[in-house]
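> Provided below are the primary sequence and the corresponding predicted coordinates.
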Amino acid sequence: MNLAEIETFLTIVNTRSITRTADLLFLSQPTVSHRLTSLENELGFPLVIRNKGHKQVELTTKGTDFIAIAERWMSLWKETMELKRNQETLLLTIGCTDSLNIAVFTPLYDSLLGENSGLDLNIQSSHHSAELYGLLSEHSIDIGFVYHKLHYKNIITEKLFEERLYLIQSVPPAVPSARIHTDELDPSLELFLSWDDNYQIWHDRWLSTMSRPHISADTITLLDKLWKKPGNWMIAPVSVILEFARFRPLYISELKNQPPNRVCYKIKHRYPKTTSKRAVEFFENALEEYMKIPLKEFPLGKVWENTD
């Protein structure tokens with residue numbers, strides 16, 4: 001059993017076609033068939049059902065069971081190859097939501113990449129905490145940042161920070177006051193992003209029964225680009241407000257019917273990959289120091305712009 005045979009089998013699983021597999025691997029069809037037969041001979045059982053005249057390949061029961069084993073074999077091979085590479089450079093794969101990547105962790109990433117740390121970063125954005133837990137459990141990422149504390153076997157979840165949410169308005173503001181109730185706002189001018197489930201529940205109670213938001217999006221970058229109308233407003237956590245205020249003046253207010261704080265959790269695998277263990281430790285040390293930096297404060301009931 002070798003890499004070529006395993007790779008060929010997994011490609012057949014994905015394509016369900018000998019012809020398509022040959023095309024993707026730049027092989028002849030007889031070579032694909034030979035590799036498959038060789039693997040079956042080594043295993044001692046057939047992996048596919050050979051029916052003449054059928055274009056689509058069907059797996060045997062044992063063939064279906066063997067998929068998970070083949071995937072683990074391929075994963076171990078890739079990890080072994082990582083060990084053989086230059087150990088002076090570490091690689092860390094991070095899974096994180098869009099708003100945390102942009103508004104919270106970009107300065108940390110920039111610092112790590114700019115100080116000759118010997119660390120390479122593979123940063124993957126996601127909009128769902130559950131997806132990041134799944135990726136971590138499969139070792140597809142090495143560390144993640146999420147909004148929900150879920151219970152997954154072998155995943156360690158630690159609270160990293162929490163932040164308050166405020167109302168931000170275009171300048172001049174439609175409701176110029178340091179403290180505002182959502183009843184005073186025009187829902188048809190709202191820019192909306194669901195920060196987490198608790199915020200969604202709060203929003204459904206106080207705002208969704210009145211009117212749908214003017215714009216709903218799943219990234220802060222898109223909302224910032226679409227923020228154009230006078231009177232537009234949004235409810236956002238502190239980190240996002242600091243990011244938005246770098247590009248436009250904002251009028252910031254506290255809400256009388258205050259939404260719940262947004263909580264960020266760090267997640268990591270209890271048994272990290274051998275190839276990423278040092279990178280995780282290095283990153284966590286840098287993260288600990290980074291989180292000690294205090295956030296800038298902003299005034300309420302006044303026009304403010306983050307000029308740094």
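The structure has been received and is ready for your questions. Everything numeric here is computed off the predicted structure, so don't read it as measured data. Numbers count the residues shown, from 1 in each chain.

> Could you give the backbone dihedrals for the closest residue to residue 165 other than its chain neighbours?
Nearest residue to residue 165, sequence neighbours excluded (CB to CB, 6 or more residues apart in numbering): residue 259, at 4.8 Å. For glycine as for every other residue, the C-beta is placed from the backbone atoms N, C-alpha and C. For residue 259, the backbone dihedrals (degrees, to the nearest 10) come out as phi -70, psi 160.

> Neighbours of residue 259, how many?
Neighbourhood size, residue 259 [other CB atoms under 10 Å]: 22.

> correct me, but it touches residue 237?
No - using CB atoms under 8 Å as the test, residue 259 is too far from residue 237 to be in contact (9.4 Å).

> Find residues that contact each of these two.
Shared contacts of residue 259 and residue 237 (CB atoms under 8 Å, 6 or more residues apart in numbering): residue 165.

> ok now do the residue nearest to residue 165, which residues does it touch?
165, 198, 199, 202, 203, 235.

> ditto for residue 124
Shown in contact with residue 124 (CB under 8 Å, 6+ apart): 93, 94, 95, 96, 135, 141.

> Could you check how far the last one is from residue 15?
Put plainly, it is residue 141. Residue 141 sits at a distance of 27 Å from residue 15 (criterion: CB to CB, to the nearest Å).

> So between these two, which is more surrounded?
Between residue 141 and residue 15, counted using other CB under 10 Å, the more crowded position is residue 141 (25 against 17).

> in which helix or strand would I find the residue lying closest to that one once chain neighbours are set aside?
Of all residues not flanking residue 141 in the chain, residue 95 sits nearest, at 3.8 Å (CB to CB, 6+ apart). Assessed by DSSP states H and E, residue 95 sits inside strand 90-97.

> Output the below-cut-off pLDDT ranges for this structure.
Counting by pLDDT under 70, the chain has low-confidence residues at 52-54, 82-88, 115-116, 210.

> quick one, domains of it?
Structural domains assigned to the chain are 3-84, 90-162+263-290, 163-260+298-304, following automatic domain parsing.

> Of the contacts of residue 124, grab the buried ones for ChimeraX.
Those of these that count as buried under 16 or more other CB atoms under 10 Å are selected in ChimeraX with:
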select :93,94,95,96,135,141
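
> and of the contacts of residue 124, the nearest to residue 182?
For these, the closest approach to residue 182 (CB to CB) belongs to residue 96, at 29.2 Å.

> quick one: the closest one and residue 136 touch, right?
No - contact between residue 96 and residue 136 fails when scored by CB under 8 Å: they sit 11.4 Å apart.

> Common neighbours of those two, please.
Contacts common to residue 96 and residue 136, judged by CB under 8 Å, 6+ apart, are residue 144.

> circling back: residues contacting the residue nearest to residue 141?
Residues near residue 95 by CB under 8 Å, 6+ apart: 124, 126, 132, 135, 136, 140, 141, 143, 144, 145.

> how about 10 Å then?
101, 122-126, 129, 131-136, 140-146, 267 (CB atoms under 10 Å, 6 or more residues apart in numbering).

> Just the buried ones out of these, please.
Buried, going by 16+ other CB under 10 Å: 101, 126, 129, 132-136, 141-146, 267, out of the contacts of residue 95.

> Looking at those residues, which two lie furthest apart in space?
Top of the distance list for the buried ones among the contacts of residue 95 (CB to CB): 101 and 134, 18.5 Å.

> That's all I had, so thanks and see you.
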